[in-house]
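Enquirer: only the shape, not the letters, is given here:
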């Protein structure tokens, strides 16, 4: 959810030649949460960019997931890419993201992070609620 962190992850993935995975995931999020009137257009765009034979940003999904997705896009809806999106998410979760967390890029991001000063926390915050006087009858 952090825009700076996502941008840094994208930079890392570009160096790893797998930036299309994050781009595909983001496009699927646009499909899921975007305008209802654009669903067919977004599904077609995702297919052309990431799944079609010879796609410029082709993503690698297994054949069963591809079959289900291709069958689903015949009647486009906002959840038609869910299986493919989950497949790519798991690839990134198990492979790319752990490597990103070990990378120099991530270490630099952490070093530049702004950490808010610690605030003193009460031991029992529920004990110190401000009491409101009840209104007179």
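Expert: Here it is on my side, so go on. All values reported here derive from a predicted model rather than from experimental measurement.

Enquirer: burial count for residue 92?
Expert: 19 (other CB atoms under 10 Å). From N, CA and C alone the C-beta is placed, and that goes for glycine too.

Enquirer: contacting residues for it?
Expert: Under the criterion of CB atoms under 8 Å, 6 or more residues apart in numbering, the contact list for residue 92 reads 21-22, 25.

Enquirer: just residue 71 next, same as before
Expert: For residue 71, no contacting residues are found, by CB under 8 Å, 6+ apart.

Enquirer: list the buried residues of the lowest-mean-pLDDT helix or strand in the chain.
Expert: Across the helices and strands of the chain, the lowest-confidence element by mean pLDDT, DSSP states H and E is helix 104-111, at a mean of 91. Of the residues in helix 104-111, those with enough neighbours to count as buried (16 or more other CB atoms under 10 Å) are 106, 109.

Enquirer: does anything pack onto that helix? Which helices or strands?
Expert: In terms of contacts (3 or more CB pairs under 8 Å, 6 or more residues apart in numbering; DSSP states H and E), helix 104-111 is packed against helix 3-15.

Enquirer: so the helix it packs on versus helix 104-111, what angle?
Expert: With axes from the mean of the first three to the mean of the last three CA atoms, to 10 degrees applied, the angle from helix 3-15 to helix 104-111 works out at 170 degrees.

Enquirer: helix 3-15: how far from the chain's middle?
Expert: Computed by CA atoms, centre = their mean, to the nearest Å, the separation of helix 3-15 from the middle of its chain amounts to 12 Å.

Enquirer: now that helix: buried residues?
Expert: 8-9, 12-13.
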